[in-house]
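A.B. asks: only the shape, not the letters, is given here:
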């Protein structure tokens with residue numbers, strides 16, 4: 001006699017379906033780039049184990065308790081927006097190192113350089129050019145420069161990063177996969193690091209590894225009590241950047257910055273800063289960090305951090321204007337034997353001195369390493 005097969009009751013099937021949907025939809029959100037990397041690394045410590053035979057140098061104790069203006073969520077240190085197991089894979093504490101900063105300095109500028117893990121040459125060029133100013137005080141101002149990196153899936157690349165850091169001690173690496181769509185994590189990681197480890201900073205400069213920063217000119221811009229541009233005359237909530245107004249959301253699938261309506265509903269972005277350089281007063285950094293921790297993730301970091309979050313804090317960005325070199329100015333400056341020609345073209349006055357021309361600009365962006373070296377030679381040549 002044939003037996004009737006046993007069938008699962010429909011209610012049991014429905015139960016398992018609802019349970020699965022609950023776990024998938026309500027569980028911790030991870031971006032595709034991170035999910036890909038979970039297969040490589042199960043926990044942050046495994047990254048450091050790549051160099052178990054050549055461990056990182058010891059660092060000072062970490063203080064993880066802060067006093068914020070407003071209450072923060074629990075376990076804030078290990079939270080990065082929606083990542084619940086965040087940690088710093090490589091970390092340093094130069095702001096707490098009395099040997100690294102001038103005891104006579106009254107101002108500290110923290111420079112955080114966003115860098116792709118593969119961009120060793122760009123980081124090295126910065127160290128050898130404008131970044132070298134971070135090794136001494138400039139006109140009573142100390143600088144601390146760090147490169148921000150995310151996690152990598154290649155063990156050989158991670159080993160190179162560890163060795164590079166052991167040589168220079170200037171890399172901060174976070175536990176998230178380093179990719180373009182994860183730049184908001186990197187940006188907020190920088191805010192987190194400054195909040196937890198560099199409360200001494202007066203200003204925080206977020207920049208990229210293809211940017212030239214005219215450090216002496218920036219120091220004078222910040223410090224000159226008689227300058228109309230002196231930041232000390234401005235409120236504590238201050239942002240200087242290349243401001244973008246009324247930028248439309250890109251909906252075309254052919255665009256690198258294509259955004260779906262479900263990702264961003266409005267058709268126009270709020271005023272935001274081009275990410276090549278953003279100068280924050282420290283008060284803004286701590287407030288942006290707190291806001292970022294409780295705001296849903298959006299992958300275009302320029303828009304999210306310096307636009308949406310800044311608007312929520314009711315802060316207006318100040319446009320950098322002609323303090324940023326234009327492409328034509330960079331082309332003139334990077335040519336050989338251009339001193340006299342560039343001087344006449346820029347200031348249109350033969351009586352102007354080279355020193356005043358040098359003091360004219362603070363930043364130049366989207367530069368190849370060789371161009372950064374050439375600009376450094378011009379500026380450094382004037383200094384000497």
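C.D. replies: Nice, I can see it. Note that this is a predicted model, so its numbers are computed, not measured.

A.B. asks: tell me the secondary structure of residue 240, please.
C.D. replies: Three-state assignment for residue 240 (DSSP: H, G, I helix; E, B strand; the rest coil): strand.

A.B. asks: residues contacting it?
C.D. replies: By Cβ atoms under 8 Å, 6 or more residues apart in numbering, the contact set of residue 240 is 231, 278, 279, 317, 318, 320. Just so you know, the C-beta spots here come from the backbone N, C-alpha and C atoms, and that holds for glycine as well.

A.B. asks: contacts only, for the closest residue to residue 245 other than its chain neighbours.
C.D. replies: Distances taken as Cβ to Cβ, 6 or more residues apart in numbering place residue 271 nearest to residue 245, at 5.0 Å, with adjacent residues excluded. Applying Cβ under 8 Å, 6+ apart to residue 271 gives the contacts 243, 244, 245, 246, 307, 311, 316, 317.

A.B. asks: surely the fourth one is within a helix?
C.D. replies: This means residue 246. No: assigned with three-state DSSP, residue 246 falls outside any helix and is coil.

A.B. asks: list of residues touching stretch 311-327?
C.D. replies: Outside stretch 311-327, the residues that reach it (Cβ under 8 Å, 6+ apart) are 221, 234, 237-243, 270-273, 277, 284, 287-288, 291, 295, 306, 310, 333, 360-366.

A.B. asks: now do the strands in the stretch 251-384 of the chain.
C.D. replies: Under the criterion DSSP state E, counting those that start in this stretch, strands of the stretch 251-384 of the chain are mapped to 272-281, 318-319, 363-364.

A.B. asks: now the ones you listed as a markdown table including mean neighbour count, mean pLDDT and distance to residue 184?
C.D. replies: Putting those into a markdown table (neighbours: other Cβ atoms under 10 Å; pLDDT from 0 to 100; distance: least, Cβ to Cβ, whole Å) gives the following:
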| stretch | mean neighbour count | mean pLDDT | distance to residue 184 |
| --- | --- | --- | --- |
| strand 272-281 | 24 | 94 | 10 |
| strand 318-319 | 16 | 94 | 23 |
| strand 363-364 | 23 | 94 | 22 |
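
A.B. asks: got the ones you listed as JSON lines, with distance to residue 157 columns?
C.D. replies: Formatted as JSON lines, the strands of the stretch 251-384 of the chain follow (distance: least, Cβ to Cβ, whole Å):
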{"stretch": "strand 272-281", "distance to residue 157": "24"}
{"stretch": "strand 318-319", "distance to residue 157": "38"}
{"stretch": "strand 363-364", "distance to residue 157": "29"}
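
A.B. asks: those: which one's closest to residue 182?
C.D. replies: strand 272-281 (13.7 Å; Cβ to Cβ).

A.B. asks: for the closest one, packing partners?
C.D. replies: The contact analysis (3 or more Cβ pairs under 8 Å, 6 or more residues apart in numbering; DSSP states H and E) places strand 272-281 against strand 203-208, strand 239-244, helix 301-303.

A.B. asks: could I get the ones you listed as CSV with distance to residue 256?
C.D. replies: Shown next, in CSV, are the helices and strands packed on strand 272-281 (distance: least, Cβ to Cβ, whole Å):
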stretch, distance to residue 256
strand 203-208, 16
strand 239-244, 15
helix 301-303, 13
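
A.B. asks: out of these, nearest to residue 258?
C.D. replies: Closest to residue 258 of the helices and strands packed on strand 272-281, according to Cβ to Cβ: helix 301-303, at 13.2 Å.

A.B. asks: could you list the low-pLDDT ranges of the stretch 101-250 of the chain?
C.D. replies: By pLDDT under 70, the weakly predicted segments of the stretch 101-250 of the chain are 101-106, 135-139, 224-235.

A.B. asks: quick one: the strands in it?
C.D. replies: With strands called from DSSP E, counting those that start in this stretch, the stretch 101-250 of the chain shows them at 107-114, 141-151, 171-177, 203-208, 212-213, 239-244.

A.B. asks: just the ones you listed: most buried one?
C.D. replies: Comparing those by mean neighbour count (mean count of other Cβ atoms under 10 Å), strand 212-213 ranks first with a mean of 26.

A.B. asks: partner strands of that strand and their direction?
C.D. replies: Strand 212-213 has the following strand partners under DSSP bridges: strand 363-364 (antiparallel).

A.B. asks: in space, what's closest to residue 299 - neighbours in sequence excluded?
C.D. replies: Counting by Cβ to Cβ, 6+ apart, residue 299 lies nearest to residue 181, which is 4.5 Å off, once chain neighbours are set aside.

A.B. asks: coming back round to it: out of the helices and strands packed on strand 272-281, nearest to residue 328?
C.D. replies: strand 239-244 (16.0 Å).

A.B. asks: returning to what we had before: for residue 74, which of the strands of the stretch 251-384 of the chain is the nearest?
C.D. replies: strand 272-281 (26.2 Å).

A.B. asks: what strands flank the closest one, and is each parallel or antiparallel?
C.D. replies: Counting by DSSP bridges, strand 272-281 is paired with strand 203-208 (antiparallel), strand 239-244 (antiparallel).

A.B. asks: tell me the angle that strand makes with strand 107-114.
C.D. replies: 150 degrees (axes from the mean of the first three to the mean of the last three Cα atoms, to 10 degrees).

A.B. asks: any chance you could list what contacts strand 272-281?
C.D. replies: Contacts for strand 272-281 (Cβ under 8 Å, 6+ apart): 114, 183, 187, 202-208, 210-211, 213, 231, 234, 236-244, 247, 288, 301-303, 306-308, 310, 317, 320, 324, 363, 365-366.
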